[in-house]
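Visitor: Here's a sequence, model it:
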Amino acid sequence: MKIRKGFVSNSSSSSFVCEVCGEEVSGMDMSLEEAEMYECKNGHTFCQYHALDNEALEERLSGGGDEDEDELSDLIYKLPEQYCPLCHFDSVCEADLIRYLLKNTKRSREDVAKKLREIFPNYKAFNTYVSEE
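Guide: Numbering: from 1, shown residues only. Sure, this is the predicted structure:
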């Protein structure tokens, strides 16, 4: 049994991953704003510099719109679709690619996983296969 000695805080770490470029930002009690990321109404998370119509968005976030301070803070977590590069398919995240491929091939995730286990003896063999040109 492990026993922790010393100070233990109630702080928690947060981690955010950009669904456009894959950048990962983490820290203790970090917010999206501190990570310089946004989350749209559809749950896509992305770096601030990937936002569409960035000038209009920056003006809106700096108080140039009709929102009060609480609404501006909430806007970072519920950004309208008009600013999201993933909602406009300027970029496509891995999860959406997988969802599309599964539906298009009429396969379930479980079917594909079973097939992978049948074909490949281990991850190294799978990785070699998918890395080939």
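Visitor: so how far is the one helix or strand in the chain whose mean pLDDT sits lowest from its chain's centroid?
Guide: Lowest on mean pLDDT, DSSP states H and E among the helices and strands of the chain sits helix 69-75, with a mean of 74. Between the centre of helix 69-75 and the centre of its chain there are 21 Å (CA atoms, centre = their mean, to the nearest Å).
Visitor: any low-confidence regions in the protein?
Guide: Under the criterion of pLDDT under 70, the regions of the chain flagged as low confidence span 1-11, 63-70.
Visitor: Recalculate using a threshold of 80.
Guide: Judged against pLDDT under 80, the low-scoring parts of the chain cover residues 1-12, 61-73, 133.
Visitor: coming back round to it: contacting residues around the helix or strand just after the least confident helix or strand of the chain?
Guide: Using DSSP states H and E, the next helix or strand after helix 69-75 towards the C-terminus is helix 94-104. Contacts of helix 94-104 with the rest of the structure, by CB atoms under 8 Å, 6 or more residues apart in numbering, involve 19, 86, 108-109, 112. Any C-beta I mention is one placed from the backbone N, CA and C, and that applies to glycine too.
Visitor: And those residues, which of them are buried?
Guide: Members of the contacts of helix 94-104 that pass the buried threshold by neighbour count (16 or more other CB atoms under 10 Å) are listed as 19, 86.
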